[in-house]
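Undergrad: Fold the following.
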Amino acid sequence: MNQLVQTLNAEMTAVIQQVQQSLVRLTNGHRGSGAGTIWHADGLILTNAHVVQRHAPQVTLGDGRTFASQLLAYDEKVDLAALSINASELPTIAPGRSTDLQAGDWVIAVGHPWGVVGAACAGSVIDVGVPLEWNGASVEMIQVGIQLRPGHSGGPLVDGHGRLVGINTMISGPLVGLAVPVHVVKQFLKQHLGKN
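TA: Okay, the predicted model is just below:
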């Protein structure tokens, strides 16, 4: 049993370290900071609309380099924004299939909660779909048993293999967080930028 736990710990640590390379910090002067996820190696970054609030934040990569950004797309309904920085050969996370997620699947959220850079927390999928408490809304979300905190927003949600399945978004209740599914992210990018 002890060997099994050690193996699981080593595998989780490796996944988190890989994911942290594609995590960025976003700052807007005195507006605080949030997280972003590198989507394309050519400098395309995803985050939440509520993180950028129609601004183009400063982007700090995991290696410490800092870039000015350009706001390319913004959609409050799905709470997504796309940014571009003048960089190339950036590390990305292989996309997973959010439509394949099932209740009980293990997931990991990475971000900068309360300013702790690159923090990770794990939990399981509760459901994928429109949250019941969102009366009349039609936006799909991944509901997870993870206590997301300020600073997780815009960071990646990955499955147990380290594949990107969502973008962390908000707290829904005690120990319940929400993430925008990666298939919704792809729809957003196709609608606003004409690419996946």
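Undergrad: Would you mind splitting this structure into its domains for me?
TA: 17-92, 98-187 (automatic domain parsing).
Undergrad: so Ile167 touches Ala179, yeah?
TA: Yes: between Ile167 and Ala179 there is a contact at 5.9 Å, judged by Cβ atoms under 8 Å. For every residue, glycine as well, the C-beta is placed using N, CA and C.
Undergrad: re the thing from before, quick one, which of the domains of the chain is nearest to Lys195?
TA: domain 17-92 (8.5 Å; Cβ to Cβ).
Undergrad: For that closest one, what is the spacing between the initial and final residues?
TA: This stretch, domain 17-92, spans 12 Å end to end (Cα to Cα, to the nearest Å).
Undergrad: where's Leu26 relative to Cys121, distance?
TA: Distance from Leu26 to Cys121, counting by Cβ to Cβ, to the nearest Å: 20 Å.
Undergrad: Over to His161?
TA: In terms of Cβ to Cβ, His161 sits 18 Å off from Cys121.
Undergrad: Of the two, which one has the most company?
TA: Neighbour tally, His161 and Cys121, criterion other Cβ atoms under 10 Å: the higher count belongs to Cys121, 18 against 11.
Undergrad: What lies in contact with the helix or strand harbouring the more buried one?
TA: When elements are assigned from DSSP states H and E, Cys121 belongs to strand 119-129. Strand 119-129 is touched from outside by 12, 16, 19-20, 98-99, 101-113, 140-147, 151, 175-177, 181, with contacts defined as Cβ atoms under 8 Å, 6 or more residues apart in numbering.
Undergrad: change it to 7 Å
TA: Strand 119-129 has contacts (Cβ atoms under 7 Å, 6 or more residues apart in numbering) with 16, 98, 101-113, 140, 142-147, 176, 181.
Undergrad: so what strands line up beside it?
TA: strand 106-111 (antiparallel), strand 141-144 (antiparallel) (DSSP bridges).
Undergrad: Please list the outside residues in contact with stretch 40-50.
TA: Against stretch 40-50 from outside (Cβ under 7 Å, 6+ apart): 24, 26, 34-39, 59, 74-76, 79-90, 92, 153-154, 167, 169, 185.
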